[in-house]
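**Q** Any chance you can model this:
(2 chains)
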Protein chains: 2
Amino acid sequence: MEGILTEACSLAGHWGLGKLIVFYDDNHISIDGDTEIAFTEDVSGRFEALGWHTLWVKNGNDGYDEIRKAIQEAKSVTDKPTMIKVTTTIGFGSPNKANSYAVHGAALGTSEVEATRANLGWPYEPFFVPEDVKSHWSRHIPQGAALEADWDAKFAQYEQKYPEDAATLKSIITGELPAGWADALPESPADATRNLSQQCLNALAKVVPGLIGGSADLASSNMTLLKMFGDFQKDTPEERNVRFGVREHGMGAICNGIALHTPGLIPYCATFFVFTDYMRGAMRISALSEAGVIYVMTHDSIGLGEDGPTHQPIEHLVSFRAMPNMLMFRPADGKETAGAYKVAVLNRKRPSILALSRQKLPHLPGTSIEGVAKGGYTISDNSTDNKPDFIIMSTGSEVEIAVKAAEELTKEGKTVRVVSFVCWELFDEQSDEYKESVLPEAVTARISIEAGSTLGWQKYVGSKGKTIGIDKFGASAPAPKIYKEYGITAESVIAAAKSL
Amino acid sequence: MEGILTEACSLAGHWGLGKLIVFYDDNHISIDGDTEIAFTEDVSGRFEALGWHTLWVKNGNDGYDEIRKAIQEAKSVTDKPTMIKVTTTIGFGSPNKANSYAVHGAALGTSEVEATRANLGWPYEPFFVPEDVKSHWSRHIPQGAALEADWDAKFAQYEQKYPEDAATLKSIITGELPAGWADALPESPADATRNLSQQCLNALAKVVPGLIGGSADLASSNMTLLKMFGDFQKDTPEERNVRFGVREHGMGAICNGIALHTPGLIPYCATFFVFTDYMRGAMRISALSEAGVIYVMTHDSIGLGEDGPTHQPIEHLVSFRAMPNMLMFRPADGKETAGAYKVAVLNRKRPSILALSRQKLPHLPGTSIEGVAKGGYTISDNSTDNKPDFIIMSTGSEVEIAVKAAEELTKEGKTVRVVSFVCWELFDEQSDEYKESVLPEAVTARISIEAGSTLGWQKYVGSKGKTIGIDKFGASAPAPKIYKEYGITAESVIAAAKSL
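**A** Residues are numbered from 1 along each chain as shown, chains lettered A, B, ... in the order given. As a prediction, the model looks like this:
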């Protein structure tokens, strides 16, 4: 019933994944009753329309022979995935209703367990493995060892003949990154962070063999194409640009699969940041399953302009800052974009989101790759002690505004620190000493500015500070106009500072 | 490509929505290129499998006659929805590539607009309506007036003959709620708020004729069945229990449609709170489109127990508190559940989420329907001035814990206020005086406790307070055990208070 199924299975059909066999247990059971109350489609017909081979085991209760035969047939079809529908007669619509509950998930009671044991002729206590079972299974140990030795010998030959290719393959299998890979990250000029992101991806693709990914039909907006590669398609599986189509949820799920398949495969995927709403289920699974997917999320604020409120994220930054085990980055310029990629590539058990701007941003003095790794860091400060008059904190495209406001206040004789809070989760992991060095307790005149929900900023700004942000939906207008209209300006920061 | 399409269209087929006609513009255009790069399924076959009638206009460029004929045929099929596939030859795969960009969305340039005007023979300036066009269209005014007068006359007769049914219909059409409807909300005993919610829904269904809804295959867990009604199905459209199947995104979208269709239709829908991740796109559209959908979201914390972290929301409360125009409720007992429903039913332009407990909760002295309408309010306080030693704030199932902690601290001679923060958005809309009366600035020893992300609570707790919550994923265990393990206890509150 879930839509994600069609997203993923449509791509499986498109890619002709002949090794994929899916079993559909046609038992007519759902929690609320027989599936007929909400689900009367022709499931096999749907899969055929998606380009799948389908088979039907009409009486799945009759034992394994029919199912074995279907698996054999499915394996013989190598150019399409196969869906095997297995109809069982223990559903709600059948005479044997009692069983259906057990099948769905209710645990068997003691007497049912006893009856099952008697029926199977299994007299042993729980967790006991009889000797004959153990020896039967143990035959796999020498079999497996022989297969592994054979593979190792073949790989050694391969390594001798093709040392470079073997090193690449090894890097993908083990997940060990090539030495000096991070040096490839570019020192880029002023640009939109989505463009800077593309430079990082293209630089990384040259040195990180397992980097593979794409966009949900927004490659030219998300700037995610790897220029030296073609499209990953049925007949070109060696290429690395994946065309996911407009299927965000399926895209995220597929990237989870890639990340969890082999340590050295580093998947990235992309759409507009607001459309994370369509793939949040998959993103939470990344975090929960420790799958280091890199989410390249462009058009990260009202700064995207004319597309208007349907496309303008407001609550999304805070919503991901609150998600456990997810790194939420919002880089301010090229150095910070490179820094975010460095952390993201290194974090193979923690997914990362990079929220990137559509609009051009300046190169800021004071930003650094090392700073990003600390999550929040001072990028400018004209005070001499650790006690500036004001601390202005910001992320992404608004750091430029914070810097401008600081310059104005400095002209008026104030001491001002600007802090880039590029990744809250990383800052929170720093030592108390480091935190105090960035946000000294004694300085309570703090202002935050970010083109998104203010919720959460109170954590850093404190009771006496001010938060500047957007707590309503966006609007359609060119970026400079809407920034002014919504008060995301240096003037707002200066006014807030003076009110403190 | 989007999965939500299959969710909604599968239900349209299941319900046999014969009035629905969908056009599929088969122009082969997507942003990243010809749809063939990611989308090669048999679209008509898919719709047929979903129970739809399908038609194919093979050359959509040839003018309107073929399309008109298809519409006529579609209208003649009344027991199934119809999908009309219209193939046009202006896509990327066609010789006329230039047009494809225009079709997708790039605005026409000045010279293209000029050429189009010349081609259409339209010499007028922008926004000018020539007299003959105006008079041609104006003929609809008397036609419409006659149709309306006819309808009014028929309705007057109907009203005379069936005054009660007419009143019901009128209430649905106008959205005016029957007098005294809110009195039906029950004074319920101690129970899980999901059960209290079911009592509210059943009480409301008797007096609010447009209340209709259901669950995504979790009716018996979400407690959303209206007991006096049967299932809304193809042959029983007069019933009010909608069986959405496991299709959260489609469910939310359908409820948006119901809410926006007629003012007096009040749709509710339900699933586990964590599964809002699968329908967040639809929920944001509720907020953005001012569709007053009521989201009944049960199993609202680690308190759901054994299902474990995949089912336990952590970041969800804060993620919706940050969403503009969305009311996020977490009621603590029966009175607050009734209060949340009262606000939700009244807010026809603002969707509401009710986060409800699986576990049983006590009836708390001090809670009230009126208090809920203010979003945050004092439910107990043993201080005499407006300056208690501590303020403990909480929501939902943790208010009970806050009350216990307050009782302990009171025994030790402290003055303690307990505030239920059932809906942050409503509290933020109150006057400064009211806010000061609940959270006096002078009292900085504040503690929050909630079984979810602590992010955002700093807003109310302030720099000198303490937040108790859960900033990691949950775990699988019975509710009392996991609450203890995660430190969501009265002891934690007391320790935090003493540390202040």
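
**Q** export stretch A:407-418 as CSV, just CAs?
**A** Output of stretch A:407-418 as CSV, limited to C-alpha atoms (Å, rounded to 0.1, in the frame of the first residue of the first chain):
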residue,chain,number,x,y,z
GLU,A,407,31.4,45.9,10.9
GLU,A,408,28.8,48.6,11.4
LEU,A,409,28.8,48.1,15.2
THR,A,410,32.6,48.1,15.2
LYS,A,411,32.6,51.5,13.4
GLU,A,412,30.5,52.7,16.3
GLY,A,413,33.2,51.6,18.8
LYS,A,414,31.7,48.4,19.9
THR,A,415,33.5,45.1,20.2
VAL,A,416,31.7,42.3,18.4
ARG,A,417,32.3,38.6,17.8
VAL,A,418,30.7,36.7,14.9
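
**Q** which other residues reach that stretch?
**A** Applying CB atoms under 8 Å, 6 or more residues apart in numbering or on different chains, the contact partners of stretch A:407-418 are A:366, A:378-384, A:387-394, A:399, A:402-403, A:405-406, A:443, A:490, A:494, A:497. Heads up, the C-betas are built off the backbone N, CA and C, glycines and all.

**Q** Please apply the same query to stretch A:58-70.
**A** Stretch A:58-70 has contacts (CB under 8 Å, 6+ apart) with A:25, A:26, A:55, A:57, A:84, A:86, A:87, A:88, A:89, A:90.

**Q** Can you give me the buried ones in that stretch?
**A** Residues A:60, A:66, A:67, A:70 are the ones in stretch A:58-70 that count as buried (16 or more other CB atoms under 10 Å in any protein chain shown).

**Q** Next: stretch A:406-421.
**A** Residues of stretch A:406-421 classed as buried: A:406, A:409, A:410, A:414, A:415, A:416, A:417, A:418, A:419, A:420, A:421 (neighbour count, 16+ other CB under 10 Å).

**Q** before we move on, which element is the third one in?
**A** Using DSSP states H and E, residue A:410 sits in helix A:399-411.

**Q** State the mean pLDDT of that helix.
**A** Mean pLDDT, helix A:399-411: 98.

**Q** One more: stretch A:358-378?
**A** Computed over stretch A:358-378, the average pLDDT equals 97.

**Q** So residue A:380 belongs to a helix, correct?
**A** No - the assignment for residue A:380, made by DSSP: H, G, I helix; E, B strand; the rest coil, is strand rather than a helix.

**Q** Surely it is in contact with residue A:403?
**A** Yes - assessed by CB atoms under 8 Å, residue A:380 is found in contact with residue A:403 at 6.5 Å.

**Q** elements contacting the longest helix along chain A?
**A** Counting residues, the longest helix found in chain A (DSSP state H) is helix A:140-161. For helix A:140-161, the elements it packs on are helix A:163-174, judged by 3 or more CB pairs under 8 Å, 6 or more residues apart in numbering or on different chains; DSSP states H and E.

**Q** Residue A:214 against residue A:244, yeah?
**A** Yes - using CB under 8 Å, residue A:214 is in contact with residue A:244, at 5.6 Å.

**Q** Buried ones among the contacts of stretch A:58-70?
**A** By neighbour count, with 16+ other CB under 10 Å, the contacts of stretch A:58-70 hold A:26, A:55, A:57, A:84, A:86, A:87, A:88, A:89, A:90 as buried.

**Q** dump the residue contacts of the second one.
**A** Listed by CB under 8 Å, 6+ apart, the contact partners of residue A:55 are A:70, A:73, A:74, A:82, A:83, A:84, A:85.

**Q** Could you rerun that using 7 Å?
**A** Residues in contact with residue A:55, defined by CB atoms under 7 Å, 6 or more residues apart in numbering or on different chains, are A:70, A:73, A:74, A:82, A:84.

**Q** Redo the residues you listed as JSON lines? Include pLDDT and secondary structure.
**A** Converted to JSON lines, these look like this (pLDDT from 0 to 100; DSSP: H, G, I helix; E, B strand; the rest coil):
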{"residue": "A:70", "pLDDT": "96", "secondary structure": "helix"}
{"residue": "A:73", "pLDDT": "97", "secondary structure": "helix"}
{"residue": "A:74", "pLDDT": "98", "secondary structure": "helix"}
{"residue": "A:82", "pLDDT": "98", "secondary structure": "strand"}
{"residue": "A:84", "pLDDT": "97", "secondary structure": "strand"}
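
**Q** So which of those residues is the closest to residue A:271?
**A** Residue A:271 lies nearest to residue A:82 out of those, by CB to CB, at 30.3 Å.

**Q** If you check chain A against chain B, which residue is the closest one?
**A** residue A:3 (2.4 Å; CB to the nearest CB).

**Q** Mind pulling up the pLDDT for that residue?
**A** Looking at residue A:3, its pLDDT reads 95.

**Q** for residue A:238, same thing?
**A** 94.

**Q** Need the three-state assignment for it.
**A** What three-state DSSP gives for residue A:238 is coil.

**Q** Tally up the residues packed near it, please.
**A** For residue A:238, the neighbour count with other CB atoms under 10 Å in any protein chain shown is 8.

**Q** Also residue A:110?
**A** Per other CB under 10 Å, the neighbour tally for residue A:110 reads 7.

**Q** With residue A:385 instead?
**A** The local packing of residue A:385 (other CB under 10 Å) involves 8 other residues.

**Q** And it, which helix or strand is it part of?
**A** Of the helices and strands defined by DSSP H and E, none includes residue A:385.

**Q** re the thing from before, and the contacts of residue A:55 as TSV, adding distance to residue A:12?
**A** Output for these, formatted as TSV (distance: CB to CB, whole Å):
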residue	distance to residue A:12
A:70	18
A:73	18
A:74	13
A:82	10
A:84	14
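
**Q** can you list the weak-confidence ranges in chain A?
**A** Chain A contains residues with pLDDT under 70 at A:90-107.

**Q** contacting residues around the residue nearest the centre of it?
**A** Closest to where the C-alpha atoms of chain A average out (CA atoms, centre = their mean) is residue A:293, at 4.2 Å. With contact taken as CB under 7 Å, 6+ apart, residue A:293 is in contact with A:255, A:256, A:259, A:267, A:269, A:286, A:351.

**Q** again, only this time at 6 Å
**A** Neighbour list for residue A:293: A:255, A:259, A:267, A:286, A:351 [criterion: CB atoms under 6 Å, 6 or more residues apart in numbering or on different chains].

**Q** hmm, back to that, residues contacting the residue of chain A closest to chain B?
**A** So residue A:3 contacts B:3, B:4, B:6, B:7, B:249 (CB under 6 Å, 6+ apart).

**Q** which two of the residues you listed lie the greatest distance from each other?
**A** Every pair of these checked by CB to CB; the farthest is B:6 and B:249, at 10.0 Å.
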